[in-house]
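Student: the following comprises the amino acid sequence and a computationally predicted model.
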Amino acid sequence: ELKVEQNPLFLSMQEGKNYTIYCNYSTTSDRLYWYRQDPGKSLESLFVLLSNGAVKQEGRLMASLDTKARLSTLHITAAVHDLSATYFCAVDKNRDDKIIFGKGTRLHILP
Amino acid sequence: DAGVIQSPRHEVTEMGQEVTLRCKPISGHNSLFWYRQTMMRGLELLIYFNNNVPIDDSGMPEDRFSAKMPNASFSTLKIQPSEPRDSAVYFCASSFLRQETQYFGPGTRLLVL
């Protein structure tokens, strides 16, 4: 059974600091997604990671994938208040037609 | 493009009533997904369609839930009869291909009293 675990589930940090959100999954996957959700809003796609060693960056966010460790990270550099949101990773197991989301990491950045 | 369109945006109904949620995917997208989000269970994939055909409905909670996609530009998710535990935000998402980035609609907030 495919399981996806994110940690931490809640993170409060100061502006200007760096931090990393972790996404572990239990079985082999075909791709991994990161999404952002603002309170009361829908989900917005951030990254799609397809292969081992993939790294993608957009502004202060950088995502990476290690398929051997079954781990993806979302790194935040010099956080700013606008990045406050809930971040979800999701793992897609094409063979089984399953897309499983993690519980989300609620990120609160203090000005 | 207007993005994925969902209606209604909010729905309040009484237990036992039929509820129909509607979704218009982005034009040209071949895959459509229905999700449910609750505090307790997080985000769950209910069902997805590929080229209007339901591929995997194993996430549909029970027989009270049904989904259709009669054409490439319209899908419905129906709950009959509704129960208070169905209260959630229901999202529809579409993608060009199943494995590509999904674009989510604004969601329908359902409250069953």
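Tutor: Good, I have the coordinates.

Student: residues in contact with the longest strand belonging to chain A?
Tutor: Counting by DSSP state E, the longest strand found in chain A is strand A:85-93. With contact meaning Cβ atoms under 8 Å, 6 or more residues apart in numbering or on different chains, strand A:85-93 is reached by A:2, A:4, A:6, A:21, A:23, A:25, A:27-39, A:43, A:46, A:72, A:74, A:98-102, A:104-107, B:43, B:99. For every residue, glycine as well, the C-beta is placed using N, CA and C.

Student: paired strands for the lowest-mean-pLDDT helix or strand in chain A, with orientation please.
Tutor: Scoring the helices and strands of chain A by mean pLDDT, DSSP states H and E places strand A:98-101 at the bottom, with a mean of 82. Counting by DSSP bridges, the strands paired with strand A:98-101 are strand A:85-93 (antiparallel).

Student: report the distance from the partner strand to the chain centre.
Tutor: Chain-centre distance of strand A:85-93: 5 Å, with Cα atoms, centre = their mean, to the nearest Å.

Student: any idea which helix or strand carries the residue nearest in space to the middle of chain B?
Tutor: The centroid of chain B falls nearest to residue B:34 when counting by Cα atoms, centre = their mean (3.4 Å). Assigned by DSSP states H and E, residue B:34 belongs to strand B:31-38.

Student: who does that strand pair up with?
Tutor: According to DSSP bridges, strand B:31-38 has the following sheet partners: strand B:42-50 (antiparallel), strand B:88-95 (antiparallel).

Student: hey, least reliable of the ones you listed by pLDDT?
Tutor: Least confident of the strands paired with strand B:31-38, judged by mean pLDDT, is strand B:42-50 with a mean of 92.

Student: now the helix or strand that residue B:76 is a member of: mean pLDDT?
Tutor: In this assignment (DSSP H and E), residue B:76 forms part of strand B:74-79. Averaged over strand B:74-79, pLDDT sits at 97.

Student: and for it, what are the contacting residues?
Tutor: With contact meaning Cβ under 8 Å, 6+ apart, strand B:74-79 is reached by B:18-25, B:32, B:34, B:46-47, B:49, B:64-69, B:86, B:90, B:92, B:110.

Student: quick check: buried residues in that strand?
Tutor: Using 16 or more other Cβ atoms under 10 Å in any protein chain shown as the burial criterion, the residues of strand B:74-79 that qualify are B:75, B:77, B:79.

Student: sheet partners, orientation included, of it?
Tutor: Each strand paired with strand B:74-79, and its direction, by DSSP bridges: strand B:19-24 (antiparallel), strand B:65-71 (antiparallel).
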